[in-house]
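Engineer: what follows is a protein structure lacking sequence information:
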């Protein structure tokens with residue numbers, strides 16, 4: 001599974017690109033990133049240490065999505 005994730009680096013979008021996404025796309029991306037991270041955590045617990053880099057990138061991707069969502073929420077409240 002890690003080899004497939006290494007090729008498919010959708011979570012490495014910069015925040016500038018994520019700001020162009022719709023709310024539905026952001027929500028779907030956050031869900032997808034979280035599911036992938038959960039699967040990788042199980043693999044890491046099983047002894048696969050090569051997934052650690054991917055796990056870090058996914059956590060950063062989740063944080064970027066949440067940041068963009070929070071920015072939109074603040075802008076909507078104004």
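Structural biologist: Yep, it's here. Keep in mind that what you see is a predicted model, and the values were worked out from it rather than measured. Residues are numbered from 1 along each chain as shown.

Engineer: when you work out contacts or count neighbours from here on, use the C-alpha atoms and nothing else.
Structural biologist: Noted.

Engineer: what residues are up against residue 19?
Structural biologist: Residue 19 is in contact with residue 68, counting by CA atoms under 8 Å, 6 or more residues apart in numbering.

Engineer: please redo it, this time with the cut-off set to 10 Å
Structural biologist: 26, 64, 65, 67, 68, 69, 71, 72 (CA atoms under 10 Å, 6 or more residues apart in numbering).

Engineer: equivalent analysis for residue 24, please.
Structural biologist: For residue 24, the contacting residues are residue 30, by CA under 10 Å, 6+ apart.

Engineer: which stretch of helix or strand covers it?
Structural biologist: If you go by DSSP states H and E, residue 24 is part of helix 23-45.

Engineer: tell me what the helix or strand following that helix is packed against?
Structural biologist: With elements assigned by DSSP H and E, the helix or strand that comes after helix 23-45 is helix 52-77. Of the remaining helices and strands, those touching helix 52-77 by 3 or more CA pairs under 10 Å, 6 or more residues apart in numbering; DSSP states H and E are helix 2-7, helix 15-18, helix 23-45.

Engineer: and helix 52-77, average pLDDT?
Structural biologist: Helix 52-77 carries an average pLDDT of 93.
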